[in-house]
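In: got a predicted structure here, sequence first:
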Amino acid sequence: MNKANRVRWWTYLLLAVAALACVFPLYWMFVVASTDTATATRMPPEIVPGGNFMHLAGLVVSTVPFIRAIGNSLLVAGSIGIGHAVLCSLAGFAFAKLRFPGRNALFLVVVLTMTVPTQLAVIPQYMIISWLGWVDTLQALIVPGLASAFGIFWMRQHLATTLSDEILQAARIDGAGTWQIFWRVAFPLVRPAAFVLGLLGFVTAWNDFLWPFIVLKSPEMYTAQIAIKALQNNYVVDLGLAMSGSFLATLPLLVLFVFVGRRMVAGIMDGAFKG
Amino acid sequence: MSATLSRPRSLPAATARVRHSLPERLAPYAYIAPFFLIFAVFGLVPLLFTFYVALFDWNPIGEHVFVGAGNFNRLLADTRFWNAAWNTISIWLLSTVPQLVLALGLAHLLNHARLRLAVWWRMSMLVPYITSVAATTIVFAQMFDRDYGLLNWLLGLVGAGPIDFLQSGWTSHLMIAVMVTWRWFGYTTLLYLASLQAVPRTVYEAAAVDGAGAWKQFRHISIPSLRPVIVFTIVTSTIGGLQVFTEPLLVTTTSPLTCGAVRQCQTLTLFLYEQGFGRFQFGYGAAIGVALFVLIIAIASLNYVLSTRIRPERG
């Protein structure tokens, strides 16, 4: 019994290798982002960061409108995060706790949409955006991402298990309308889950590439990821530049992760299938 | 609160509905409307429209000429299409299989009751997930670089010659598969770990008492109990993996849309983009979308059928 319960040394070794593999590319990104091109292309490679990061970061900002791009990304990802937290909670609340004709059929549609790969319909998606006059605008990125089937599924699960019918009934007897029940009773109860969902939406939107790449045209509209691509066009000229841009575009998420990483891990595991 | 008390109290929900005003009765529909509206406009309609556009010779600023199955006939005869389809499947296999196997093993290791620093191991596994594809690709492209890459430097230390990963088909596929695997294996590990933790500890303890070692416990307890989540991750990684776009695009700097001179790693999504937005052949591009759709549905269904066969092994 005791023997089986002991953690063997090689468990730690394997975990350490995996953890190193996860973190090393980011470290390496910073190493190259902080050396000059000559050092970056020297053999053997430099494996400690140099002192050139601020210089390269300055160069990044002057090569493409990078500050603006970070701002655009914050706006897009922030809106999508908030949209997910609110809209998916609302829909999840309706599916979990309200009775209405067609509820089961509509929920089945939500679940089915999770398995339909709609991303490959990019050509008509672009046509619709173009009819709406949204090409090269940020709402073209924000509006389609405001809610998702996954988010509704997730919030429904949380609401179904967290919000008891007794509380719901008590609120009804007190004369609260459906909206008040959602906003005053249901949402506060599932705020942690909605927060994690918002974070996941934020991360996905921040890192999205294909759709912004198709929709955005002018440099002022670039998101951080498209700005990296623009920098990469100078890749042959300056590797450090592309790496600095990549690092700068990852930095906001790293900072966020330091504060909420624990909750993200817990949230992802919470939303996963259980046995 | 006891079940017998709460039972009758849920009844008023049904009777209360009768008394509700019209806005109250419509409220649920209003709450779910945003999603359905967004999905209809940006998901379903475009998807159906893809099938329609694929029947036309459709220039975004010119004529729309009905060609029926013309685009599909052209597609089937197009060697670039078959090349892209092969690349897509190759990259998908090279990235999905190691990713799921790695995740299974790591989840099993992380599931140990007395593991120290558990939170930190889990957090480190999520670092790739928060790193963008674009950033990931650029750093891996450097590490795999023929002349200045970290990997070739290491290979040089052990006397192996530099490998030009982008030069040939399978090495470029491998390189892209490493990026995809890196980004997703930690996330998948956490999903598996969550399922494993739902298995009562006593099951493992009883097995240990019966003399089952780590490997036997893994094979006979962990794998069977993970069945639903394994099916889920296989299907989702199929849908995602067959749409790989950013990695091959960014890994090649000189000929990005074709991903190398001989389209070594051009995936179907890249081929779609090239035809649709590079050459403005919307009809032909849409036909590629339809083909990709069919491929994804076919492989995902096949995977679903195969993976539901995972059963607890006997003996």
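Out: On my side now, so go ahead.

In: hey, which helix is longest across the chain?
Out: Unless you meant another one, I'm taking chain A. Assignment by DSSP state H gives helix A:239-271 as the longest helix of chain A.

In: oops, wrong one, chain B.
Out: Longest helix in chain B, counting residues (DSSP H): helix B:79-110.

In: so where is the stretch 1-150 of chain B shaky, pLDDT-wise?
Out: B:1-19 (pLDDT under 70).

In: returning to that earlier point: which of the residues in whichever helix or strand comes after the longest helix of chain B are buried?
Out: Downstream of helix B:79-110, the first helix or strand assigned by DSSP states H and E is helix B:118-130. Buried residues in helix B:118-130, counted by 16 or more other Cβ atoms under 10 Å in any protein chain shown: B:121-130. C-beta: built from backbone N, CA, C; applies to glycine.

In: measure the closest residue to A:Asn207 other than its chain neighbours to B:Tyr204 for me?
Out: Nearest residue to A:Asn207, sequence neighbours excluded (Cβ to Cβ, 6 or more residues apart in numbering or on different chains): B:Ser132, at 3.8 Å. To B:Tyr204, B:Ser132 is 38 Å away according to Cβ to Cβ, to the nearest Å.

In: tell me which of the two has more neighbours.
Out: For B:Ser132 versus B:Tyr204, neighbours defined as other Cβ atoms under 10 Å in any protein chain shown are more numerous around B:Ser132 (24 against 21).

In: who's in contact with that one?
Out: A:206-207, A:209, A:224-225, A:228, A:246, A:249-250, A:253 (Cβ atoms under 8 Å, 6 or more residues apart in numbering or on different chains).

In: what's the first helix or strand after the lowest-mean-pLDDT helix or strand in chain A?
Out: One helix or strand of chain A scores below all others by mean pLDDT, DSSP states H and E: helix A:2-5, with a mean of 53. On the C-terminal side of helix A:2-5, the closest following helix or strand by DSSP H and E is helix A:9-33.

In: gap between the host helix or strand of B:Arg25 and the chain center?
Out: According to DSSP H and E, B:Arg25 maps onto helix B:22-39. Relative to its chain's centre, helix B:22-39 lies at 30 Å (Cα atoms, centre = their mean, to the nearest Å).

In: then stretch A:118-135?
Out: Here stretch A:118-135 is found 22 Å from its chain centre; the criterion is Cα atoms, centre = their mean.

In: what are the buried residues along that stretch?
Out: Residues A:118-129, A:134 are the ones in stretch A:118-135 that count as buried (16+ other Cβ under 10 Å).

In: filter those residues by proximity to chain B?
Out: A:118-128 (Cβ under 8 Å from any Cβ of the partner chain).

In: name the helices or strands packed onto the helix or strand hosting B:Ala298?
Out: Using DSSP H and E, B:Ala298 maps to helix B:282-307. When contacts are defined as 3 or more Cβ pairs under 8 Å, 6 or more residues apart in numbering or on different chains; DSSP states H and E, helix B:282-307 sits against helix A:122-131, helix B:45-53, strand B:56-58, helix B:70-76, helix B:79-110, helix B:227-241, helix B:268-273.

In: show me the shaky parts of the stretch 151-275 of chain A.
Out: Filtered on pLDDT under 70, the stretch 151-275 of chain A yields the residue ranges A:234-237, A:272-275.

In: next: the stretch 201-315 of chain B.
Out: Along the stretch 201-315 of chain B, segments meeting pLDDT under 70 span B:310-315.

In: would you mind listing what in it touches chain A?
Out: Checking the stretch 201-315 of chain B against chain A by Cβ under 8 Å from any Cβ, the hits are B:204-205, B:208-209, B:214, B:225, B:228-229, B:232, B:235, B:239, B:242-243, B:245-246, B:250, B:253-254, B:269, B:272-273, B:276-277, B:282, B:285-286, B:289, B:292-293, B:296, B:300.

In: which of those count as buried?
Out: For these, a burial check counting by 16+ other Cβ under 10 Å picks out B:204, B:208, B:214, B:225, B:228-229, B:232, B:235, B:239, B:242-243, B:245-246, B:250, B:269, B:272-273, B:276-277, B:282, B:285-286, B:289, B:292-293, B:296, B:300.

In: which residues of chain A fall in strands?
Out: In chain A, no strands are found when defined by DSSP state E.

In: report the central residue of it.
Out: For chain A, the residue nearest the mean C-alpha position is A:Val203 (1.5 Å; Cα atoms, centre = their mean).

In: hang on, isn't that one packed against A:Leu253?
Out: Yes: counting by Cβ atoms under 8 Å, A:Val203 touches A:Leu253, with 6.5 Å between them.

In: between these two, which contacts overlap?
Out: Shared contacts of A:Val203 and A:Leu253 (Cβ under 8 Å, 6+ apart): B:Ile130.

In: related to what we said a few turns ago, if I look at the residue nearest to the centre of chain A, how far off is B:Cys259?
Out: Remark: distance between A:Val203 and B:Cys259 (Cβ to Cβ) = 26 Å.

In: A:Ile123 too?
Out: Relative to B:Cys259, A:Ile123 is positioned 20 Å away (criterion: Cβ to Cβ).

In: equivalent analysis for B:Tyr129, please.
Out: B:Tyr129 sits 25 Å away from B:Cys259, going by Cβ to Cβ.

In: likewise B:Thr188?
Out: For B:Thr188 relative to B:Cys259 (Cβ to Cβ), the value is 26 Å.

In: low pLDDT regions in the stretch 1-150 of chain A?
Out: Residue ranges of the stretch 1-150 of chain A with pLDDT under 70: A:1-5, A:37-40, A:43.

In: the same query, at a cut-off of 80, please.
Out: Confidence mapping of the stretch 1-150 of chain A against pLDDT under 80 gives the ranges A:1-7, A:36-47, A:50-51.

In: list the contacts of stretch A:65-84.
Out: Against stretch A:65-84 from outside (Cβ under 8 Å, 6+ apart): A:60-61, A:138, A:141-142, A:145-148, A:151, A:197-206, A:219-227, A:245, A:248-249, A:252.

In: now stretch B:66-75
Out: B:54-57, B:81, B:283-284, B:286-288, B:290-291.

In: one more time with 6 Å
Out: Contact with stretch B:66-75 is made by B:54-57, B:81, B:283-284, B:287, as judged by Cβ atoms under 6 Å, 6 or more residues apart in numbering or on different chains.
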